[in-house]
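> Give me coordinates for this.
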Amino acid sequence: MSEDDRRVVHPDETATDMTWIVMPGDCNALGTVFGGQVCSWIDVCAAVAAQRFARTNVVTAAIDQLVFNAPVRHGKIAVVRAAVNWAGRTSMEVGVRVEEEDPMTGERTHTSTAYLTFVSVDENRRPVPVPRLVPRTDLEKRRAREAEARRADRLTHRERIQASREATP
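Just a heads-up that it's a prediction; the model follows:
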């Protein structure tokens, strides 16, 4: 299948929002959500966005730049938003933003950001081609450019690690 034959998807068609009420079981002794719990929410929300894009099963290949800016606290609402930023032949990057919402005021605070790479797979878990992602807005185009830069950084990092392994006796 040539690139021109692939289905076209726009980033807004992959947008996914998930919300959770933060319960005591989600929290540490300080009353804030465990980082691992936030990571799990991020992975689930990103996977839904990736599946909406690929319309196949997807597997998480990497979680990059998971940054915790602020905690999500007990009794608040965790809002997790994801969308596909970039797509290659069989993989895609999904950007995720986590916010804490105060249920009494509606005020939101940005708490975390992450970028995940997913691979589209068939029933035998073999990589399969994904649609073409076509950004339309200036924001979508900026996110695609930034995703390409992160991908280039990942590939360069991988090459440096491999070179260091080959150079070490």
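> quick one: buried residues of the longest strand that the chain contains?
With DSSP state E setting the assignment, residue counts place strand 108-121 as the longest strand in the chain. For strand 108-121, the buried set under the neighbour-count rule, 16 or more other C-beta atoms under 10 Å, comprises T109, T111, S112, A114, Y115, L116, T117, F118, V119, S120, V121. Every C-beta, even on glycine, is put in place using the N, C-alpha and C of the backbone.
> Which elements pack onto that strand?
Under the contact definition 3 or more C-beta pairs under 8 Å, 6 or more residues apart in numbering; DSSP states H and E, strand 108-121 sits against helix 35-54, strand 57-68, strand 91-101, helix 138-167.
> try 7 Å this time
If contacts are counted by 3 or more C-beta pairs under 7 Å, 6 or more residues apart in numbering; DSSP states H and E, strand 108-121 sits against helix 35-54, strand 57-68, strand 91-101.
> circling back: the buried residues of strand 108-121 into TSV, with extra columns for distance to P135 and pLDDT?
Compiled in TSV, the buried residues of strand 108-121 are given as follows (distance: C-beta to C-beta, whole Å; pLDDT from 0 to 100):
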residue	distance to P135	pLDDT
T109	27	98
T111	26	98
S112	23	98
A114	20	98
Y115	16	97
L116	18	98
T117	18	97
F118	18	98
V119	21	98
S120	19	98
V121	24	98
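> Which single one of these is nearest to T32?
Nearest to T32 among the buried residues of strand 108-121, counting by C-beta to C-beta, is T111 at 9.6 Å.
> For the closest one, give me its contacts.
By C-beta atoms under 7 Å, 6 or more residues apart in numbering, the residues touching T111 are F68, N69, A70, P71, V72, V98, E99, E100.
> Nearest to R6 among the residues you listed?
Of all these, the one with the least separation from R6 (C-beta to C-beta) is V98, at 31.0 Å.
> Not counting sequence-adjacent ones, nearest residue to the closest one?
In this structure, V98 finds its nearest non-sequential neighbour in S112, 3.9 Å apart by C-beta to C-beta, 6 or more residues apart in numbering.
> before we move on, the earlier item: which one of the helices and strands packed on strand 108-121 lies closest to A144?
strand 91-101 (8.9 Å).
> now what about that closest one, what contacts it?
Identification of contacts with strand 91-101 by C-beta under 7 Å, 6+ apart yields 38, 42, 45-46, 49-50, 53-54, 61, 72-73, 76-86, 108-119, 130, 143, 147, 150-151.
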